[in-house]
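> Kindly generate the corresponding structure for this input.
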Amino acid sequence: MLAIGFDSGGTRTSYAVTRGDGVFESNGAEAGASIADARDPLAIQLAVDWIVDVIEEHDEEEIAVWIGAAGFSGATATAIRGYFSHRITKLAEDCDRRNRSVDILIANDAVSLLKAPPLNGSGIVAIVGTGSVVMGTHLQCEEGVIKRGGNDWVVSDEGSGVWMTITAIRLIMQDIQTLGPRDYHSALLDRLGDYFGITAQSLADIPSSHRQLAKAEAVARKMAESRPDLKRYFARFVYPHLFDLCSLETGKPHDPIAAEVLQRSVSVIVDAIRDVSEVVSTYTNDQPNLREKLPLVIGGSVAANPLYEQRLKVLTSSECRYVSSVSILGDGATTMASLAWQYASGTDRERRQLARSLDPLHPVAKLL
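This is a model prediction of the structure:
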């Protein structure tokens, strides 16, 4: 028996494999493959095809698969099922022909972490990266999942890599307006200009005293251009570029606006964690001083960076009254694999309980 877990975030999909002994035998990632990227059907289909390819590579007679997908909800379930339908039909025919058993379940990535140990249905999950969201629940929470954020980058996605890149150019523009454009310099603006392809030749006709302002405006125009991978394109600037400029290591360039962007991201995420934890804790006791503190699990590519992790833990400790502990997970593929194994090794009743939705908006869908 084999269990495979997939973590499909905003910019990539990764996987891990286990046979239930606590060892994850292989793992891999496909950059640019994301079920969450609703504006790029090619990215969704790439993720779907890659997931099914990985499943077909393994020839065990019994396989369980758990897919944790950013942005997966009741509103997107039908569309995402449609992307899987052709490959799943072929896989089902192959399983019948070879007398194999393959179970494939898909759920929201944060909801999957809520279901998995150590939370087991009571606690807070924060995903920090492209597709940032904070969700929490408790066994006594009648509403199911309490959610803040997670409404895609055009509407929210606060604190994500996309949000940080956009915030960076906004703060630079404000800084130039405050200090004046003459002889202004910013290491962060230079990085943004290089990343978005603003060449020195394109600014050659601008007087040197105002060239940095012209560069900032050119970056803003580039960011407004339409492209199918726009979300991932923005997100990729954060690492390594923005994080490099937040470091205080000797010999490395440091930019105060980059550090401010990072701190603002942390603050936005912690505000959401505090909000969710306070709402969920009300279900544990009517009296504020007797309410249960909840464990917090944090996943996502941004949160796994040491510079971000340190700030996040410090601010959560000081600001969130009803958070008892903080665990940084990063990539969630191993957790999804653990869920797949839990499903595969469970009784029929245990399988139904694991596949049961926490609320109508966040289903666990069975693809096969």
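
> buried ones in stretch 253-273?
255, 257-262, 264-273 (16 or more other C-beta atoms under 10 Å). To be clear about C-beta, it is placed using only N, CA and C from the backbone, and glycine gets the same treatment.

> Can you show me the helices along the stretch 51-200 of the chain?
Taking DSSP state H, counting those that start in this stretch, the helices of the stretch 51-200 of the chain run over residues 77-98, 109-115, 161-179, 187-195.

> Mind putting the ones you listed into CSV with mean pLDDT, mean neighbour count and distance to residue 330?
Compiled in CSV, these are given as follows (pLDDT from 0 to 100; neighbours: other C-beta atoms under 10 Å; distance: least, C-beta to C-beta, whole Å):
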stretch, mean pLDDT, mean neighbour count, distance to residue 330
helix 77-98, 91, 14, 24
helix 109-115, 94, 27, 12
helix 161-179, 93, 19, 14
helix 187-195, 95, 20, 24
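
> rewinding a little: now intersect the buried residues of stretch 253-273 with the strands, please.
Residues of the buried residues of stretch 253-273 located in strands (DSSP state E): none.

> Inside helices: which ones of these?
Counting by DSSP state H, the buried residues of stretch 253-273 place 257-262, 264-273 in helices.

> Just give me the closest of those to residue 161.
Checking these against residue 161 with C-beta to C-beta, the nearest one is residue 265 at 8.9 Å.

> In space, what's closest to the closest one - neighbours in sequence excluded?
Of all residues not flanking residue 265 in the chain, residue 159 sits nearest, at 4.3 Å (C-beta to C-beta, 6 or more residues apart in numbering).

> Tell me which of the helices of the stretch 51-200 of the chain lies nearest to residue 69.
Closest approach to residue 69 among the helices of the stretch 51-200 of the chain is made by helix 109-115 (6.0 Å; C-beta to C-beta).

> what packs against that closest one?
Secondary-structure packing of helix 109-115 (3 or more C-beta pairs under 8 Å, 6 or more residues apart in numbering; DSSP states H and E): strand 62-69, strand 123-127, strand 133-137, strand 294-299, helix 333-345.

> separation between residue 278 and residue 321?
Between residue 278 and residue 321 the computed distance is 7 Å (C-beta to C-beta, to the nearest Å).

> and those two? which has more neighbours close in?
residue 278 (18 against 13; other C-beta atoms under 10 Å).

> quick check: mean pLDDT across whichever helix or strand the more buried one is part of?
Assigned by DSSP states H and E, residue 278 belongs to helix 256-281. Computed over helix 256-281, the mean pLDDT rounds to 96.
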